[in-house]
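Q: Turn this into a model:
(2 chains, ligands or ions: 1)
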Amino acid sequence: MADVVLAGVGGQGNVLSARILAEVAMQAGFDVKTSEVHGMAQRGGSVVCMVRWGDEVHSPLIPRGRADFLVAFELLEGVRYLGYLRPGGTAVVNDYRLDPLPVLRGDARYPENTLEVMRSRAGECVVLDAREVAARAGSPRALGSCLLGVLSRFLAFPAEAWDDALRRLVPSRAVEANLRAFALGRKEGM
Amino acid sequence: MIRALLSGNEAVALGAYHAGVRVAAAYPGTPSTEILEELSKNPGVYCEWSPNEKVALEVGIGSCLGGARTLVAMKHVGLNVAADPWMTLPYIGVNAGLVLAVADDPGMHSSQNEQDSRFYARMAGVPILEPSDSAETYEMVKAALELSERHDTPVMLRLETRVSHSRSVVRYRDEREEVDLPYGKDAVKRVMVPGHARLRHPVLLRRLEGLAREAEGSPYNRVEMRSTRVGLVTSGVCYQYAREAFPEASVLKLGFVYPFAERLLHDFASHFHRLYVVEELEPFLEEGLKAMGLDVVGKARVPRDGELDPDLVGESLGELIEMDTGVKGGGWSPPQAGERLSPASELPLRPPVMCPGCPHRGLFYVLARLKLVVSSDIGCYTLSVLPPLSGIDCQVCMGASVGMALGLEKAFAASEANLDKKGKVVGVLGDSTFIHGGIGGLIDMVYNRTPCTIIILDNRTTAMTGFQDHPGTGKTLMGETTHALDLEELCRAVGVESVRVVDPWDLAATEEAVREEVAADRTSVIISRRACTLQVREERPAFRVEEEECTGCKRCLRLGCPALVMRGDKAWVDESLCAGCSLCAQLCGPGALREVRADG
Ligand SMILES: Cc1ncc(C[n+]2csc(CCOP(=O)(O)OP(=O)(O)O)c2C)c(N)n1
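A: The predicted structure follows:
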């Protein structure tokens, strides 16, 4: 069983990544629950998804400080939802900064030490430029699959289960790039 | 058995399909929208986007009378619009079953208020079924249709964001029931003139008694006995939060929520010295239990506003439950110190923004420049409320922009204090919103001789909720081509003399049109027409700042475009985001913003 928080910015694709992860966990025979964000928050707003699996899962929302994994699609969003990660949990972080409007306008400052903050709480923190890796795989938009690839190193699900879920859920024209991005993420630096 | 991971909304659609629903109607609204989108993918079900929720429910009434099992879906505020048919439908009853799936939005993820739909069921005398995950949702659709037919009543299936937009495992057989009931005329039952309605109201009241008896034995009202020290009463997704926070507590989980199963509740209560009610939003169950004379704790501890979660449930009741049980925190273990308040509170917010290339931006830039009083409406354009555009004065509910503009204009016309505002009011609303609820207001404006300008932001879609078609787009939910409502003709037909169309990517022409119409002493309509950039996704060359020519005046930043930022003292365009709308180039005095040409 495990609890995973996926935090990002509307348009980055973390809703789809959450769905793929949940599907893999279900195929492995677990009870699974997710929560997603649709609607207003998708217009470039902060988007958090949660995926939980185990013998029996109750709440679709993870209690604070209980998540085993945090997948940060963007640095600020990673820090925003860091409180959900249990101390010593694992963070998978896309090293990417996207300034929100209040920062662009100069009304607020983008925190400088995002990686430090995440490292101070996580037991293990894998940091990578997922956009760059995904671009190498054929499309920078496949960054979510690259991050899932990294996450998959920590989970016991078989490679075929990931392959199957990616093929079924990613729009057909993008499947190949996503499979390659996943494979690179799974392998990178190991 | 098939095992699948479905969202609550997908489960409603699948449940309806398998239960033989043949007609379904809705108007989109988060978090309910995907119900009809999903259902319409199945064969043999007529599905429509109605122009608004009132029409959707009326279509539903007709089809259930006509013998087809029927689903009507909407978000919570949609039921305000549909409240008129909703209140009399229970008098006439149904023929084939009718289920209203209504989705509340605690926490207002995508809504203008967080009203609690359960009161609409009580007010109308309609039973409520409330699921707590997708599997239950799937089953309850069929149960609700059967209940509807058994008791000759509409049934409310009450959903919430965390049911509609959570995925969980559903097991089902891919089989569809066939239901096709004969239609027979019965005017005394279905024509609600006062003489007939007086006969029907007592029928409705007696029906509620029968429903309450059925609630007592409903499989959806489940007692889970664990600790004899703590008894919780809960329903919907709050059941899941309560189980998470207090795994040892005994729970009465209500799925058949209304009318109340009084005997069951009394029996359960008899095991405990008091009950705890865990429910989101209003104290609906709590008031019911108190009226039965039970000792309960609810909103005195559990927040009445906003969305609950396991932490909030644990924190709000832990202390009292500790007193009852002697168990620390009542069994709830709060996150370790420092975790509850992550640094999140000090972080810059990331509000949703209008997309690069959004056609609404040019129009709102012009309105801000002309310093008009802007009575606005609900849709993507509401995002222009944020600085730098700060383009909106007021916004309440769908279609209200028009009536409010009229009211503002009449107030200013007779005012000393606001003399300078007279003739400066515009009403602004989207194409889908205009068709949903703006037309009546426009008729009023012409009828009552109001010198005011209404601007329809016609982006050819219902963008905010994810690009649904509407009567103006020429396509139906089932993918058919149809007549496209002609907005210009419609406005002229209600008596608007001046109707003109502008392209909001042309700032000069847009400004000229707004200036002229606002100055004119008559009701006028400007249609600001350009298809939604996010939906159409045309490839256009991006723009780039020629650094030597940029004076750093920041005029382009007044557009609030997320693709345009300052880098040092020069403007800079993120070409990967730029949609090539050219608004920034139109504003740039020195002409430093240029199209990026393929040849470099
Ligand atoms: C009564 C009611 N029904 C549905 C909604 C959900 N909703 C909010 S805005 C909107 C429509 C927006 O479409 P449009 O007016 O065309 O503007 P756009 O988002 O395309 O700019 C809908 C369906 C609501 N807020 N209230």
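
Q: Quickly find the element holding residue 51.
A: Using chain A. When elements are assigned from DSSP states H and E, A:Val51 belongs to strand A:46-54.

Q: Please spell out which residues along that strand are buried.
A: A:Ser46, A:Val47, A:Val48, A:Cys49, A:Met50, A:Val51, A:Arg52, A:Trp53 (16 or more other C-beta atoms under 10 Å in any protein chain shown). Bear in mind the C-beta positions are built from the backbone N, C-alpha and C, glycine included.

Q: Is the closest residue to the fourth one other than its chain neighbours within a helix or a strand, and which one?
A: In other words, A:Cys49. Computed as C-beta to C-beta, 6 or more residues apart in numbering or on different chains, the closest residue to A:Cys49 that is not its neighbour in sequence is A:Ala18, at 3.7 Å. Assigned by DSSP H and E, A:Ala18 belongs to helix A:14-27.

Q: So the very next helix or strand once past that helix, near chain B or not?
A: Downstream of helix A:14-27, the first helix or strand assigned by DSSP H and E is strand A:31-35. Yes - judged by C-beta under 8 Å from any C-beta of the partner chain, strand A:31-35 comes into contact with chain B through A:Asp31, A:Val32, A:Lys33, A:Thr34, A:Ser35.

Q: and the direction of strand A:31-35 versus that of strand A:46-54, what angle?
A: Angle of strand A:31-35 versus strand A:46-54, following axes from the mean of the first three to the mean of the last three C-alpha atoms, to 10 degrees, is 170 degrees.

Q: So which elements touch strand A:31-35?
A: If you count contacts as 3 or more C-beta pairs under 8 Å, 6 or more residues apart in numbering or on different chains; DSSP states H and E, strand A:31-35 packs onto helix A:14-27, strand A:46-54, strand B:166-172.

Q: Are the helix or strand of chain A with the lowest mean pLDDT and chain B in contact anywhere?
A: Comparing helices and strands within chain A by mean pLDDT, DSSP states H and E singles out helix A:101-104 as the least confident, with a mean of 87. Yes - legend: contact between helix A:101-104 and chain B by C-beta under 8 Å from any C-beta is shown at A:Leu101, A:Pro102, A:Val103, A:Leu104.

Q: And the next helix or strand after that helix, how far out from the chain middle?
A: Sequence order places helix A:114-121 as the next helix or strand after helix A:101-104, per DSSP H and E. Taking C-alpha atoms, centre = their mean, to the nearest Å, the mean C-alpha location of helix A:114-121 is offset from the chain mean by 16 Å.

Q: contact partners of helix A:114-121?
A: The contact list for helix A:114-121 (C-beta atoms under 8 Å, 6 or more residues apart in numbering or on different chains) reads A:70, A:72, A:75-76, A:78-79, A:82, A:85, A:87, A:89, A:91, A:93, A:95, A:97, A:111, A:125, A:127, B:343.

Q: redo that, cut-off 10 Å
A: Helix A:114-121 has contacts (C-beta atoms under 10 Å, 6 or more residues apart in numbering or on different chains) with A:65, A:70, A:72, A:74-80, A:82-83, A:85-89, A:91, A:93, A:95, A:97, A:111, A:113, A:125, A:127, B:338-339, B:342-343, B:347.

Q: just the buried members of the residues you listed?
A: A:65, A:70, A:72, A:74-80, A:82-83, A:85-86, A:89, A:91, A:93, A:111, A:125, A:127, B:339, B:342, B:347.

Q: For chain A, what's its nearest residue on the stretch 451-600 of chain B.
A: B:Val565 (4.9 Å; C-beta to the nearest C-beta).

Q: Using CSV, list the CA coordinates for stretch B:197-207.
A: Only the C-alpha atoms of stretch B:197-207 are listed here, as CSV (Å, rounded to 0.1, in the frame of the first residue of the first chain):
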residue,chain,number,x,y,z
ALA,B,197,-52.8,20.3,-6.9
ARG,B,198,-54.8,20.4,-3.7
LEU,B,199,-55.5,16.7,-4.3
ARG,B,200,-51.9,15.9,-5.1
HIS,B,201,-50.2,17.7,-2.1
PRO,B,202,-51.6,15.2,0.4
VAL,B,203,-50.5,12.4,-1.9
LEU,B,204,-47.0,13.7,-1.8
LEU,B,205,-47.1,13.9,2.1
ARG,B,206,-48.3,10.3,2.4
ARG,B,207,-45.6,9.2,-0.1
